[in-house]
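Undergrad: Sequence and predicted structure are below.
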Amino acid sequence: MSLPTEPIGSMPRPPALMAAMLEKQAGRLADATFQQIAEDALKDTIQRLEATGSPVITDGEQTKPSFVTYPLSGIGNLAPGGVVIPFVDGHTRQLPRLTAGPFRYGTYASEYLAATRRLTTRPVKQAVISASALSLLYPPDEIPGYPREVFLSDLVGEAVKDIRGCLDGGTDSIQIDFTEGRLSLKLDPSGGLLGSFVALINRVLDHFSPQEIRKIGVHTCPGGGRYATHSADVDYAGLLPSLFKLRLGRFYVQMASERDPGRVLEIIRRHLQPEQMVFVGVVDPIGLEVETAERVRDRTLHAAKYLPVAQLGTTDDCGFAPFADDTSTSRDVAFAKIRARVEGTMLASRDLTGS
């Protein structure tokens, strides 16, 4: 048995695609021209992922504006001035705010999945944004004629539709991005916000069968971009007990950049259920150094001291470019790190399973 290994999702975009995205937003680029540039970037990303030996492929989120805002493309009932997410280096990201109901997605992840599956025969993993992240679109004051509870019901329905479309579209697995989980404890140290986030995601998961749940996972990390995070200073001990209350089959957990991974792995060991898999991060996307395969092997073997080998896999700590304008990591570095993850996981598999 070989240990499974999967990418988290986003890859740095080629300069031509980033320039085309800006031109398209400004209305200076024809749709057909943009689509050709985007197709070329997607093809190159898939080919380079395949060349790393990765057994599972993603689209690298090449044409998403960001991992969180892709459903908002084309929506008219939004305005600037939503929740601000501060990073430790001083830069911020800001969500829009909802101005009226009803809430509907403008784009579904199944569209990205279909484009990727046309270009590869390998299993494809699809990332989707959590309902909890999108719940932050609703402003603090109630929207007239559109109560928050009605919004949340609409949001759950759209999140279910997003995941259902990927399952029906032939995805190998689905990853719910939940970087706001750790951030929620910075916004509300009491844990009340985190508890509401977990309950909201479980409302979405209630719509899927046990067989489908085995294909669905959640990703947690302290956020990453421009060599900075938004919540690495938040203790994992506050998040993990609640995280494992999510009724899911897979957990993708940032670990390579964690200061005390043994302590975190011990917490995971206490909460892990027999039917669940944990993919531990073994490469740091915002780290300047490209990990060696031996470094990845050692991190994997360390995780195996705490977690059952049959329930263990490896992954990246986070996406390499979760926001489309992030140029902090080059494509060459990102693919080199992924190759190291794949090769290092193979080395660990030989030590742990003999295969």
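TA: Received the coordinates, thanks.

Undergrad: From the contact counts, what lies against the helix ranked longest in the chain?
TA: With secondary structure taken from DSSP state H, the chain has its longest helix at helix 331-353. Counting contacts by 3 or more Cβ pairs under 8 Å, 6 or more residues apart in numbering; DSSP states H and E, helix 331-353 packs against helix 31-51, strand 277-283, helix 293-304, strand 312-316. Backbone N, C-alpha and C define where each C-beta goes, glycine included.

Undergrad: so can I have a markdown table of these showing distance to residue 98, mean neighbour count and mean pLDDT?
TA: Listed next are these as a markdown table, based on distance: least, Cβ to Cβ, whole Å; neighbours: other Cβ atoms under 10 Å; pLDDT from 0 to 100:
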| stretch | distance to residue 98 | mean neighbour count | mean pLDDT |
| --- | --- | --- | --- |
| helix 31-51 | 27 | 16 | 96 |
| strand 277-283 | 33 | 26 | 98 |
| helix 293-304 | 40 | 20 | 98 |
| strand 312-316 | 32 | 26 | 98 |
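
Undergrad: Tell me where this protein is predicted with low confidence.
TA: Counting by pLDDT under 70, the low-confidence segments of the chain come to 1, 225-227.

Undergrad: give the contact list for residue 151.
TA: For residue 151, the contact set (Cβ atoms under 8 Å, 6 or more residues apart in numbering) comprises 98, 101, 103, 135, 138, 143.

Undergrad: try 7 Å this time
TA: By Cβ atoms under 7 Å, 6 or more residues apart in numbering, the contact list for residue 151 reads 101, 103, 138.

Undergrad: Likewise for residue 290?
TA: Counted by Cβ under 7 Å, 6+ apart, residue 290 has contacts 333, 336, 337, 340.

Undergrad: mind listing what the first one touches?
TA: Each residue near residue 333 by Cβ under 7 Å, 6+ apart is listed here: residue 290.

Undergrad: what about residue 318, how many neighbours?
TA: 30 (other Cβ atoms under 10 Å).

Undergrad: That one in helix, strand or coil?
TA: What DSSP: H, G, I helix; E, B strand; the rest coil gives for residue 318 is coil.

Undergrad: can you put the helices and strands packed on helix 331-353 in JSON lines and add distance to residue 74?
TA: Shown next, in JSON lines, are the helices and strands packed on helix 331-353 (distance: least, Cβ to Cβ, whole Å):
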{"stretch": "helix 31-51", "distance to residue 74": "13"}
{"stretch": "strand 277-283", "distance to residue 74": "33"}
{"stretch": "helix 293-304", "distance to residue 74": "40"}
{"stretch": "strand 312-316", "distance to residue 74": "30"}
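
Undergrad: Which of the ones you listed sits closest to residue 7?
TA: strand 312-316 (5.9 Å; Cβ to Cβ).

Undergrad: Report the central residue of the protein.
TA: residue 177 (3.8 Å; Cα atoms, centre = their mean).

Undergrad: before we move on, the earlier item: so which of the contacts of residue 151 is the most crowded?
TA: That'd be residue 103 among the contacts of residue 151, by other Cβ under 10 Å, with 25 neighbours.

Undergrad: Let me see the contact set for it.
TA: 151, 154, 155, 158.

Undergrad: ok, now residue 287?
TA: residue 257.

Undergrad: Can you tell me the SS state at it?
TA: Going by three-state DSSP: residue 287 is coil.

Undergrad: if we can go back for a sec, need the contacts of residue 151 in CSV (columns: distance to residue 351 and secondary structure).
TA: Below are those laid out as CSV (distance: Cβ to Cβ, whole Å; DSSP: H, G, I helix; E, B strand; the rest coil):
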residue, distance to residue 351, secondary structure
101, 55, coil
103, 49, coil
138, 49, coil
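
Undergrad: buried ones in the longest helix of the chain?
TA: Residues of helix 331-353 classed as buried: 331, 333-335, 337-349, 352 (neighbour count, 16 or more other Cβ atoms under 10 Å).

Undergrad: relative to helix 31-51, how tilted is it?
TA: Calculated by axes from the mean of the first three to the mean of the last three Cα atoms, to 10 degrees, helix 331-353 forms an angle of 30 degrees with helix 31-51.

Undergrad: Distance-wise, check residue 257 relative to residue 63.
TA: 27 Å (Cβ to Cβ, to the nearest Å).

Undergrad: before we move on, what about residue 268?
TA: According to Cβ to Cβ, residue 268 and residue 63 sit 34 Å apart.

Undergrad: ok, the two, which is more surrounded?
TA: Comparing residue 268 with residue 63 by other Cβ under 10 Å, the one with more neighbours is residue 63, at 25 against 22.
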